[in-house]
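Trainee: what would the 3D arrangement of this be:
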Amino acid sequence: MVRRKAIEMADGLVGAWESVAEGRVGLLLFTESHYGWAMAHSKRDLPKDSAEPTTSEAVGLFNAFTAHTGSYRAADGVLSVTRSISTIDHLNGVETPTEYSIDGDQLKWGGERPDGGRFDLAFRRLEPLGEGPLVGAWKMTGGSGTEGMALYTAGHFVALFHLTQAPARSVPLSELSDQEIAERWRTRGNSLAGSYSFKGDAFTQRHIVARDPRSTDRESSWDWDLTGDRGTVRLVSPPTTGGVGRGIEVSYQRL
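Mentor: Residues are numbered from 1 along each chain as shown. So this is what the prediction gives:
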């Protein structure tokens with residue numbers, strides 16, 4: 001009963017949505033209390049030197065990708081989001097009202113951008129929240145120098161990982177130099193979204209969109225286990241696993 005009431009209060013938002021906006025690729029996920037969003041330009045240029053992009057290349061990569069996650073409230077066509085982790089971190093902790101409407105399996109989401117303009121996005125429903133051991137919102141509790149959140153529906157995910165040593169910026173992007181924006185891209189970790197599936201004690205994630213374009217259209221395999229009455233999940237990427245996440249071990253606490 002409690003879960004059903006929460007879903008009704010979310011007014012049809014709960015589940016996974018994919019972007020249908022021209023020139024954009026991305027996913028938007030809602031649990032009963034949290035949301036996660038990752039979106040990029042469908043065409044992004046790879047830097048000539050992937051290990052050390054130039055300032056202009058890093059600025060282009062930063063501007064071509066947006067991701068944030070946090071809590072939300074939805075009522076009467078108003079979707080108020082409060083970001084916990086974001087690629088635009090001067091807005092973290094600030095509740096931002098936006099507009100939304102749902103027509104069948106179509107979602108329109110819009111509102112004022114941080115620079116004073118507007119954003120208007122369109123999504124198509126992929127699936128409801130569904131059931132599964134990872135379904136819900138999770139906060140990273142074990143990661144070397146990293147903070148993060150991850151959201152899972154029955155078959156899709158959005159995950160944000162930021163380096164804690166990277167300085168947070170409390171000023172708008174318009175007040176940052178190209179060098180400062182480039183440094184943000186180099187030091188803010190990775191964020192990605194996509195689909196996933198289980199096979200025994202391992203599960204595989206397919207990256208539909210990622211902050212680093214080299215991570216897009218790749219798969220990463222993880223061993224996993226749930227502990228603490230299913231309230232803590234531990235993910236381990238074995239050293240032999242190819243792709244993104246080689247040799248990483250992280251833990252999450254269910255929110």
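Trainee: pLDDT weak spots in the stretch 1-150 of the chain?
Mentor: Where the stretch 1-150 of the chain drops to pLDDT under 70, the residues are 1-11, 50-51, 114-116, 142-145.
Trainee: could you rerun that using 50?
Mentor: 1-9 (pLDDT under 50).
Trainee: can you pull out the helices in it?
Mentor: Applying DSSP state H, counting those that start in this stretch to the stretch 1-150 of the chain gives helices spanning 2-9, 55-63.
Trainee: distance from the chain centre to stretch 81-90, please.
Mentor: 11 Å (C-alpha atoms, centre = their mean, to the nearest Å).
Trainee: over to stretch 75-83?
Mentor: 17 Å.
Trainee: mind listing what's buried along that stretch?
Mentor: By neighbour count with 16 or more other C-beta atoms under 10 Å, stretch 75-83 contains the buried residues Leu79, Val81, Thr82, Arg83. Yep, even glycine has a C-beta here, placed from its N, CA and C like the rest.
Trainee: out of those residues, flag the one nearest to Asp223.
Mentor: Of all the buried residues of stretch 75-83, Arg83 has the smallest distance to Asp223: 30.8 Å, by C-beta to C-beta.
Trainee: identify the residues contacting that closest one.
Mentor: Taking C-beta atoms under 8 Å, 6 or more residues apart in numbering as the criterion, Arg83 is in contact with His68, Thr69, Gly70, Leu91, Asn92, Gly93, Val94, Thr96.
Trainee: just the buried residues of these.
Mentor: The neighbour-count test (16+ other C-beta under 10 Å) marks His68, Thr69, Gly70, Leu91, Thr96 as buried among those.
Trainee: any idea how far His41 is from the second one?
Mentor: Read it as Thr69. Using C-beta to C-beta, to the nearest Å, one gets 20 Å for the distance from Thr69 to His41.
Trainee: and for the first one?
Mentor: Relative to His41, His68 is positioned 17 Å away (C-beta to C-beta).
Trainee: one more: the third one?
Mentor: Taken as C-beta to C-beta, the spacing of Gly70 relative to His41 amounts to 23 Å.
Trainee: do the same with the last one
Mentor: Separation of Thr96 from His41 (C-beta to C-beta): 22 Å.
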